[in-house]
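1. just the structure for this:
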Amino acid sequence: MTPLYEKMGLPSNIVYIRSISHDELPVEVLDSIDKNMPLFAVYAENGQQIALVEDQQVAFALAQEHKFSLHSVH
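-> Residues are numbered from 1 along each chain as shown. Predicted coordinates for the structure are as follows:
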């Protein structure tokens with residue numbers, strides 16, 4: 001069975017999560033979300049954004065559900 005990160009064309013299963021500002025989003029995304037909602041993104045090791053969610057715990061659960069390895073970055 002091919003791991004999800006390989007199916008997605010990612011270099012590894014390492015991801016990190018960080019809050020993201022609405023200013024960082026494309027206009028087409030901004031048009032579809034509540035501007036007051038906090039946002040968290042899941043990023044691959046190479047910096048590619050792979051998910052955008054409205055709750056940090058959802059981001060962690062999503063990463064765990066798909067067997068990604070969470071790493072802290074400072």
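2. hey, where'd the strands end up in this protein?
-> 14-20, 39-44, 49-53, 69-70 (DSSP state E).
3. other SSEs contacting the shortest one?
-> In other words, strand 69-70. On a contact count with 3 or more Cβ pairs under 8 Å, 6 or more residues apart in numbering; DSSP states H and E, strand 69-70 meets strand 14-20, helix 56-65. Bear in mind the C-beta positions are built from the backbone N, C-alpha and C, glycine included.
4. before we move on, back to that, deepest in the core, which of the strands of the chain is it.
-> Most buried of the strands of the chain, by mean neighbour count (mean count of other Cβ atoms under 10 Å): strand 39-44, with a mean of 19.
5. what's the angle between that one and strand 14-20?
-> Interaxial angle, strand 39-44 versus strand 14-20 (axes from the mean of the first three to the mean of the last three Cα atoms, to 10 degrees): 160 degrees.
6. ok, now how distant is the residue nearest to residue 73 when sequence neighbours are not counted from residue 34?
-> In space, and not counting its chain neighbours, residue 73 is closest to residue 16: 4.8 Å by Cβ to Cβ, 6 or more residues apart in numbering. Distance of residue 16 to residue 34, computed by Cβ to Cβ, to the nearest Å: 24 Å.
7. tell me which of the helices and strands packed on strand 69-70 lies nearest to residue 3.
-> Closest approach to residue 3 among the helices and strands packed on strand 69-70 is made by strand 14-20 (12.0 Å; Cβ to Cβ).
8. quick one: that closest one to helix 56-65, angle?
-> Put simply, strand 14-20 runs at 160 degrees to helix 56-65, going by the same axes, to 10 degrees.
9. what sits against the closest residue to residue 46 other than its chain neighbours?
-> Leaving aside its sequence neighbours, residue 46 sits nearest to residue 11 (Cβ to Cβ, 6+ apart; 5.4 Å). Residues near residue 11 by Cβ atoms under 8 Å, 6 or more residues apart in numbering: 5, 44, 45, 46.
10. returning to that earlier point: now the strands of the chain as CSV including mean pLDDT?
-> Formatted as CSV, the strands of the chain follow (pLDDT from 0 to 100):
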stretch, mean pLDDT
strand 14-20, 94
strand 39-44, 94
strand 49-53, 92
strand 69-70, 92
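11. this completes my enquiry, with thanks.
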